[in-house]
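Engineer: Model the following, please.
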Amino acid sequence: MDKDISDFINDGTTISSKYDGPKFDAHVHLGSIKGIPDLIKFREEFSIKKSVGIVWEDNIEELETKFPDKFVLAKYFRSRHLFKAKPDPKLATDLIEKIYQKGFPIVKFWFGPRWRDYVKDQFKIEPRKIHLSDAFFKSIFAKMEELGLYLLIHVSDPDLWYEKVYQPVSRYGTKKEHLDDLEEVLSSFPKLKVLQAHFGSQPEDLENLSRWFESYPNYYVDSSSARWMARELGRYPEKAREFFIKYSDRILFGTDLVQDRNKPISTYYQTRYYTFQALLETSVRNLPLPFPDPENDNNTRINGLDLPLDVLKKIYWENANKLFKLT
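Structural biologist: Residues are numbered from 1 along each chain as shown. Below is the predicted model:
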């Protein structure tokens with residue numbers, strides 16, 4: 001690469017990579033077609049050969065034609081219909097069937113607490129109270145299980161957000177409520193392959209995440225959000241390292257990069273890639289995060305986990321290969 005993390009933090013720190021094999025990024029949001037070549041260019045600097053590409057449109061054929069073997073495509077499932085007082089299960093399952101017929105292997109759901117504000121802003125309606133464990137959503141997940149579709153889902157957010165952003169609780173709910181709701185889905189659909197974003201939204205509570213791994217063999221997590229992972233896993237690097245080693249078959253590397261959103265795009269990509277490299281592959285201590293973390297008053301430091309090579313192989317490539325049959 002032509003840059004190092006020292007270019008972003010100005011303290012001379014060099015971050016080397018102990019893993020030189022292919023990498024799979026399990027969580028990338030794709031934007032315009034014209035910006036994808038830049039994404040591919042900069043991810044190649046970090047040896048990322050393929051990504052889950054999350055899209056809003058149904059343009060799977062165009063993407064696969066223009067960028068063959070570069071993405072496993074995930075269709076974002078979002079409809080005003082989901083938030084109506086009496087949503088129609090058949091309409092929802094028909095939409096899932098259409099996604100399947102189009103050829104998408106993954107369906108992405110986003111249910112961070114902010115969906116309440118999103119619905120009000122975008123759809124101009126006050127959203128009904130939603131539980132993923134309701135019969136309506138269970139009909140959706142049952143259809144996905146039947147069709148063999150993968151569920152990529154974002155439920156819950158950092159503890160800091162619940163403390164500082166998601167107030168009042170009467171509107172947004174609690175983190176425990178949101179995680180308990182998803183756990184009911186996991187227990188109800190043992191054959192549905194579930195990949196939960198952001199370390200299961202539980203890098204702050206590895207004990208509970210460990211219980212989930214032990215209870216639900218169909219359940220996986222990705223490492224997406226460099227800021228969140230560096231901040232929380234870096235609080236207890238030895239404990240986090242042991243967790244990665246124990247559950248190395250269930251964790252996929254992911255970034256949560258949003259293509260086309262940030263300028264300059266090269267710096268946006270590279271700072272996130274280098275953060276993950278420092279966090280996962282080195283034993284660095286107290287390294288400043290090379291981009292802002294206002295939620296933590298910009299005090300976040302990277303404390304590396306120095307994962308063994310066999311573990312890195314699994315989370316960077318082998319686990320994704322088993323799930324998505326990359327080769």
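Engineer: So E183 lies in a helix, does it not?
Structural biologist: Yes - E183 sits within a helix when classified using DSSP: H, G, I helix; E, B strand; the rest coil.
Engineer: The closest residue to it other than its chain neighbours: neighbour count?
Structural biologist: Distance criterion C-beta to C-beta, 6 or more residues apart in numbering; nearest residue to E183, sequence neighbours excluded, is W212 at 6.9 Å. For the C-beta atoms, the positions are set from N, CA and C on the backbone; glycine is no exception. Using other C-beta atoms under 10 Å, the number of residues around W212 comes to 20.
Engineer: Let's test this: mean pLDDT of the helix or strand W212 falls within, rounded?
Structural biologist: Element membership for W212, per DSSP states H and E: helix 206-215. The average pLDDT within helix 206-215 is 98.
Engineer: what residues does the helix or strand following that helix touch?
Structural biologist: With elements assigned by DSSP H and E, the helix or strand that comes after helix 206-215 is strand 219-222. Here strand 219-222 makes contact (C-beta atoms under 8 Å, 6 or more residues apart in numbering) with 26-27, 186, 193-200, 209, 212-213, 250-254, 319, 323.
Engineer: what's the spacing between stretch 91-102 and its chain's center?
Structural biologist: Averaging C-alpha positions (C-alpha atoms, centre = their mean, to the nearest Å) puts stretch 91-102 23 Å from its chain's average.
Engineer: pLDDT averaged over that stretch - what is it?
Structural biologist: Averaged across stretch 91-102, the pLDDT comes to 96.
Engineer: Flag every buried residue along the helix or strand hosting N321.
Structural biologist: Using DSSP H and E, N321 falls within helix 319-324. Across helix 319-324, burial judged by 16 or more other C-beta atoms under 10 Å covers 319-320, 323-324.
Engineer: Show me what the helix holding W212 is packed up against.
Structural biologist: In terms of contacts (3 or more C-beta pairs under 8 Å, 6 or more residues apart in numbering; DSSP states H and E), helix 206-215 is packed against helix 175-188, helix 197-200, strand 219-222, helix 237-246.
Engineer: Export only the CA atoms of the third one, formatted as PDB.
Structural biologist: Extracted in PDB, the C-alpha atoms of strand 219-222 (Å, rounded to 0.1, in the frame of the first residue of the first chain):
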ATOM      1  CA  TYR A 219     -26.100 -17.900  14.000                       C
ATOM      2  CA  TYR A 220     -23.000 -15.800  12.900                       C
ATOM      3  CA  VAL A 221     -21.800 -12.300  13.300                       C
ATOM      4  CA  ASP A 222     -19.700  -9.900  11.300                       C
END
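Engineer: measure the spatially most central residue of the chain to P294 for me?
Structural biologist: The centre of the chain sits closest to A197, judged by C-alpha atoms, centre = their mean, with a distance of 3.2 Å. Note on A197: its distance to P294, by C-beta to C-beta, to the nearest Å, is 21 Å.
Engineer: what sits against the closest residue to L206 other than its chain neighbours?
Structural biologist: In space, and not counting its chain neighbours, L206 is closest to F243: 5.0 Å by C-beta to C-beta, 6+ apart. Each residue near F243 by C-beta under 8 Å, 6+ apart is listed here: 206, 209-210.
Engineer: now do T282
Structural biologist: Contact partners of T282, counting by C-beta under 8 Å, 6+ apart, are 15-16, 18, 304, 306.
Engineer: Contacts for the least confident helix or strand in the chain by mean pLDDT next, please.
Structural biologist: When each helix and strand of the chain is scored by mean pLDDT, DSSP states H and E, helix 6-9 comes last, with a mean of 71. Here helix 6-9 makes contact (C-beta under 8 Å, 6+ apart) with 12-14, 267, 270-271, 274, 287-288, 290-291.
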